[in-house]
Every structure is written in C-alpha cells, then in structure tokens.
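Peer 1: Sequence and predicted structure, then a few things I'm wondering about:
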Amino acid sequence: MSNLKCNICQSVNIDNFLIKDNWEIVRCSNCKIVFVKNIPSDRVLEGLYDDAFFKDGQKSPTEGLKLHNNPAYINAIKRIERIKKYDHCNGRLLDVGCATGIFLKAANASFKYSFGIDISKYATDIAVRELNVNAKYGTICDMNFSQQYYDVITMWDVIEHVKDPDKYIDIISNIIRPGGLMILSTGNIESIMFKVQKKKWHLLIPPKHLFYFSPKTISMLLNKYGFRVLNIENEGQYTNLGYMMDKLKRLHVKNKTINFFSTIMKKLNLNQYNIYLNLYDVMTVYAKKL
Ligand SMILES: [Zn+2]
C-alpha cells in the first residue's frame, strides 16, 4: 500500500476494511476514517453526476412532483427550522453542492442573501431557470470567495462524494465568518444500519461515496479547521414512496417481496405519497467556527 495516505491525518498506516463491487475500501489505522482506496480521476467522478443522476426521482423539482409536494422541499423547510435553533438565518448563506436548488429555494424566504454551487451544470441550470435561485456551476476549489463572508454554510450529503474532504473543510473554514454556522450531513459508518447490513448498507456505494465518516472522524476533521461541533443529530427524511421502492428494487434486484409490494403500490396509486423515514444512519452535524 505504498503512496496511500490518509486524507485527514496523513498517516500511511492504512488497513483493509472491506471490498464492495470490486472497490477496495480501507481504514486509516490512526484516525479511523474509512475511504475508497483507488479514487478515480476527476473526469470519471464528474461523469457519475450526469443529467440522469439529477433526474432521479426527488432530486428534481421539475420531474413529476410539484415543488410543495416534493419531499426534498419539505425536508429543506424542516432543515431551515432546525437551523434556526442555532442561527437567526437572516444573513448570508452558501449551499455547497446545491444540486437543483431546492434547499436554496426554501432558504430564500429567510436569508438576506443565498448562493449555491454544484459540479453539475445541468442541475444549476435547473436551479436558476426553474426555481429562480442564485446558483453557479463549479466547485468550491475553483471559485474565488471572499474571506469570512458567509454566516451559514450548508453541505447536504456532499462530503462523502468529494475526493479531498480535508481541502473542502479548509476552504469553508476560511470563507465562513468567525462565529458562523456550518451544517453538513453524511452517512454514519458506525451506525447500527451499517453494522447490521455491512456490504448491503444503502450508503455504501463506491465510487459515488468515497469517504465514510463517523461522529468521531467528522468531529476530528471539523476541529482541525477551527470548528466546534455543537450537535450531531440523526434527522429523518421525508421520502417519496415510489422513489423509495425504485431504490429498493435497484439494491435488491429479483427480490420477490419487494417486487410484489412495488406492483401493489403502483396498482393502488400509492407511489405519489411521502413518508417520514429515519434509519438513524445519517448524521447532521452543526458546527460553529471559532
Ligand atoms: Zn487518518
């Protein structure tokens, strides 16, 4: 394992963790962060987030569901409510990995200024055109942000996708103001769900998910760049029944029970409904910049 170094603590002592779909997943023996051993090139990674990725069910504000019935929008409204426990939400917001702008849309009513970036031009075009929010195509690494500018920075389900999470948090620590609030969500590799499902865990999806955090490793990374973790919550999500069924069918191809329920649901027209689901395997981390 020469040349293999931990992204977070730079240790070269890396242990095997497991193999999923021929992807070797390893763990730093020093800081315990779990990650994909052979991270693909930028071009390959960007190819994973093509138009189809954002057309997938509830990621799109324009496919099928109306915005107010889109679970992603309902989740965004709930998220703003929770963030208000920590911040007035009337300053400047940056949403890193804003996708089709659904969270920005929900945030616009509260924040004085909000801006989002995403690596999908397709997604940011939808955000601007359909939702009329302030979004730009690009990554946090190639944009010139003003230092200590933002009051709140959010990063929903993004950090597990990036090949250099350390750099992301480093940059965010510079563009957030002292006392500002950063909120991120990511899967928990130490959750009961992972312990029970192991390789079948729905969030273990290399190479889309490259890094697998725990409360300890995400806190360590945030502390390294001057953040104090205020709280780590396991917040549930509203999800569309039809979307959930499609996801289950993809994960468990040929499972007769799932196919049976899927057919019944379609017949009864239940696919349009949203349900609240909490598997306690996603962490939402609230951290304050000191
Ligand atoms: Zn490490």
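Peer 2: Sure, I can see it.

Peer 1: The residue of the stretch 51-200 of the chain at minimum distance from the ion - nearest residue in space that isn't next to it in sequence?
Peer 2: In the stretch 51-200 of the chain, the residue that lies nearest the ion is Asp166 (9.9 Å; C-beta to the ion). For the C-beta atoms, the positions are set from N, CA and C on the backbone; glycine is no exception. Among residues not flanking Asp166 along the chain, Asn7 sits closest, at 5.1 Å (C-beta to C-beta, 6 or more residues apart in numbering).

Peer 1: Can you name the residues that contact the one you found?
Peer 2: Contacts for Asn7 (C-beta atoms under 8 Å, 6 or more residues apart in numbering) come out as 33, 35, 164-166, 211.

Peer 1: now Leu230
Peer 2: Residues near Leu230 by C-beta under 8 Å, 6+ apart: 86, 286-288.

Peer 1: how about these, which pair is most distant?
Peer 2: By the measure C-beta to C-beta, Tyr86 and Ala287 form the most distant pair in the contacts of Leu230, at 9.6 Å.

Peer 1: More neighbours: which of those two?
Peer 2: A direct count of neighbours by other C-beta atoms under 10 Å for Tyr86 and Ala287 places Ala287 higher, at 29 against 15.

Peer 1: gap between the residue of the stretch 51-200 of the chain closest to the ion and Ile159?
Peer 2: Here Asp166 is placed at a distance of 10 Å from Ile159 (C-beta to C-beta, to the nearest Å).

Peer 1: Neighbour count for these two, which is higher?
Peer 2: The residue with more neighbours, out of Asp166 and Ile159 and counting by other C-beta under 10 Å, is Ile159; that gives 23 against 18.

Peer 1: how much space between the residue of the stretch 51-200 of the chain closest to the ion and His202?
Peer 2: Using C-beta to C-beta, we find Asp166 at a distance of 26 Å from His202.

Peer 1: Same check on Val96?
Peer 2: As judged by C-beta to C-beta, Val96 and His202 stand 23 Å apart.

Peer 1: who's more crowded, the two?
Peer 2: Set side by side, Val96 and His202 give different neighbour counts by other C-beta under 10 Å, the larger being at Val96 (23 against 15).

Peer 1: Just confirm the more buried one contacts Val162, I think it does.
Peer 2: No. In terms of C-beta atoms under 8 Å, Val96 does not count as a neighbour of Val162; the distance is 9.4 Å.

Peer 1: That concludes my questions; thank you for your assistance.
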